[in-house]
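A.B. asks: need a 3D model of the following:
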Amino acid sequence: MKILIVDDSPTPRLLLKRELEALGHECLVAEDGLEGWETFQGSGVDVVISDWMMPRMDGDQFCRKVRSDSDAPYAYFILLTSLDDRKHVVAGMQAGADDYLTKPFGDEELATRLIAATRVTELHRTLATQQKELERLNAVLVEDSRRDQLTGLGNRRRQDEDLKVLAARAERYGHAFGVALFDVDRFKAFNDTAGHLAGDDALKTVAGELIRQSREGDAVYRYGGEQLLVVFPDQSLDTTSTAAERMREAIEALSIPHPGLDPGGVVTVSAGVSCYHDEGQDDVERLLARADSALYNAKESGRNRVVSRERKQLLS
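C.D. replies: Predicted structure coming up:
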């Protein structure tokens, strides 16, 4: 084990260091509580053996410091006291000490404490590892609860959370942002002809292309069914429309055969574009309604196109 010895008396400190090193332990030494605290930080020691009465910082103060370091692995803390100091043992234990030794002490007493220290520190290390694993698994569960299992995109839950944050920023800082609601054209005909597994593959391919065409900061979500939403932070209606048109062209260029169309037909998408503006009257629900209305217009006017919807058009 790695053991930190803190004692202001040179001779006992040296003797204890030699004895512990003879037992195969690695030792660090400090001359008082303040130096002990500086040495302890980041050292990863397993055991601290500290005198009680020391200049600058007593053993109980030092112990409280050790216990306050939430980043350090658990260190078994042994207080050294004289016969006259045994009345301080309870105070030391209340400060966080695990055990104590009364000076002078024999080899057997020291060995007994180190056996206990090994068991306790191993238990704490195991619990800490298990806690980290639980935290990791919880993080995975949280992430999975916000991801669409088919496409790997963010789901409606993540979309709603992210849009709420963007809207709050828009209201606070006046930043506009755009959205493009994409829909795979004639997707039902694709599924009816090729089957749902092939339809799933086509949808995943479209989703992957939207991600590839996205810039840093953009986000793509599965809105529902064959509809996918792309969010463009800090963009105007014009720049959002331009980006959506680039994405539409990229998907058409994939040349995914559409078995529900005439020979040579490929999978295409239509998109409705809208932009959020902080004018005291906008909100996420209206924003998505405008994008949905624009998407409907794109479908009605021939599909495989991008249509934008100004806010004033929906309110009029």
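
A.B. asks: any low-confidence regions in the protein?
C.D. replies: Residue ranges of the chain with pLDDT under 70: 83-87, 278-281, 310-316.

A.B. asks: that one: helices as residue ranges?
C.D. replies: Applying DSSP state H to the chain gives helices spanning 10-22, 33-40, 59-68, 89-94, 107-144, 156-173, 187-194, 196-213, 237-253, 284-300, 311-315.

A.B. asks: list the contacts for the most centrally placed residue in the chain?
C.D. replies: Central residue of the chain (CA atoms, centre = their mean): residue 139, 6.7 Å from the mean position. By CB atoms under 8 Å, 6 or more residues apart in numbering, the contact set of residue 139 is empty. Just so you know, the C-beta spots here come from the backbone N, C-alpha and C atoms, and that holds for glycine as well.

A.B. asks: nearest to residue 49, of the helices of the chain?
C.D. replies: Checking these against residue 49 by CB to CB gives helix 10-22 as the closest, at 6.8 Å.

A.B. asks: what's near enough to touch the residue nearest to residue 28 when sequence neighbours are not counted?
C.D. replies: For residue 28, ignoring the flanking residues on the chain, the nearest one in space by CB to CB, 6 or more residues apart in numbering is residue 4 at 4.7 Å. Residue 4 sits next to 27-30, 36, 39-40, 43, 45, 47-50, 75 when contact means CB under 8 Å, 6+ apart.

A.B. asks: and if you look at residue 157?
C.D. replies: Residue 157 neighbours (CB under 8 Å, 6+ apart): 145-146.

A.B. asks: how much space separates it from residue 147?
C.D. replies: Distance of residue 157 to residue 147, computed by CB to CB, to the nearest Å: 9 Å.

A.B. asks: likewise for residue 218?
C.D. replies: The value you get for residue 218 to residue 147, if CB to CB is used, is 17 Å.

A.B. asks: next, give phi and psi for residue 9.
C.D. replies: Residue 9 adopts backbone torsions of phi -100, psi 120, taken as degrees, to the nearest 10.

A.B. asks: tell me, how many residues neighbour it?
C.D. replies: Residues near residue 9, counting by other CB atoms under 10 Å, number 15.

A.B. asks: show me what the residue nearest to it when sequence neighbours are not counted is bridged to.
C.D. replies: Counting by CB to CB, 6+ apart, residue 51 is the residue found nearest to residue 9 once chain neighbours are left out, at 7.2 Å. Residue 51 forms beta bridges with residue 80, as assigned by DSSP bridges.

A.B. asks: residues contacting residue 51?
C.D. replies: 6-9, 12, 59, 79-80.

A.B. asks: rewinding a little: can you pick the most crowded of the contacts of residue 4?
C.D. replies: residue 36 (29 neighbours).

A.B. asks: which residues sit in contact with that one?
C.D. replies: 4, 6, 30, 48, 50, 57, 62.

A.B. asks: try 7 Å this time
C.D. replies: By CB atoms under 7 Å, 6 or more residues apart in numbering, the contact set of residue 36 is 4, 6, 30, 50, 62.

A.B. asks: roughly how far apart are the third one and residue 55?
C.D. replies: As defined by CB to CB, residue 30 lies at a distance of 12 Å from residue 55.

A.B. asks: per-domain residue ranges of this structure.
C.D. replies: For the chain, automatic domain parsing gives the domain ranges 2-140, 156-315.

A.B. asks: now, of these, which is deepest in the fold?
C.D. replies: Among these, domain 156-315 has the highest mean neighbour count (mean count of other CB atoms under 10 Å), at a mean of 18.

A.B. asks: same list (the helices of the chain) but as TSV, adding distance to residue 100.
C.D. replies: Converted to TSV, those look like this (distance: least, CB to CB, whole Å):
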stretch	distance to residue 100
helix 10-22	14
helix 33-40	16
helix 59-68	10
helix 89-94	5
helix 107-144	9
helix 156-173	52
helix 187-194	74
helix 196-213	61
helix 237-253	69
helix 284-300	62
helix 311-315	73
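
A.B. asks: go through these and name the closest to residue 180.
C.D. replies: Evaluated over these, closeness to residue 180 peaks at helix 237-253, with 3.8 Å, by CB to CB.
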